[in-house]
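Q: this one's structure only:
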């Protein structure tokens, strides 16, 4: 990840290794640069909870955000990677540990990396929990 002159983090992604196309022809290795952005959001739990589902381990990311829910109103998006919960770095914590930190208070301050990659491109995870 690089920090460009505008202060936006960029993640460089590879489209995969080179491969041969016909006799003696090798395709080039393509790189795509996608901007990422880190932000801190305060989410106030309402009568229906936080209105989000989180998934994964090391790191935990936002699986989905309920339309009109507290998380959506705060600016959280599906696919955001959770970096900190209430100021605690959680990138190396388990799913369960992160969920416990989020549920501990009536409000939560999340620092997230807002990732432009569609959720379907993330690796599949069997760990998912609703925070509704």
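A: All right, it came through fine. Small disclaimer: the values here were computed from a predicted structure and weren't measured.

Q: All the strands of this structure, in order from the start?
A: Ranges of strands in the chain, per DSSP state E, are 2-3, 9-14, 31-44, 52-55, 61-65, 81-85, 88-89, 107-114, 128-130.

Q: Quick one: mean pLDDT for the third one?
A: Averaging the model's pLDDT scores along strand 31-44 yields 77.

Q: cool, the first one as well?
A: Per-residue pLDDT over strand 2-3 has a mean of 40.

Q: next one: the fifth one
A: Per-residue pLDDT values across strand 61-65 average out to 96.

Q: Ok, stretch 99-116 next?
A: pLDDT averaged over stretch 99-116 gives 92.

Q: okay, now the residue nearest to residue 82 when sequence neighbours are not counted: neighbour count?
A: Counting by CB to CB, 6 or more residues apart in numbering, the nearest residue to residue 82 once its immediate chain neighbours are dropped is residue 60, at 4.9 Å. Where you see a C-beta, it was placed from the backbone N, CA and C, and this is true even at glycine. Per other CB atoms under 10 Å, the neighbour tally for residue 60 reads 28.

Q: What residues does residue 60 make contact with?
A: By CB atoms under 8 Å, 6 or more residues apart in numbering, the contact list for residue 60 reads 54, 81-82, 90, 93, 95, 98-99.

Q: How about residue 111?
A: So residue 111 contacts 38-41, 82-84 (CB under 8 Å, 6+ apart).
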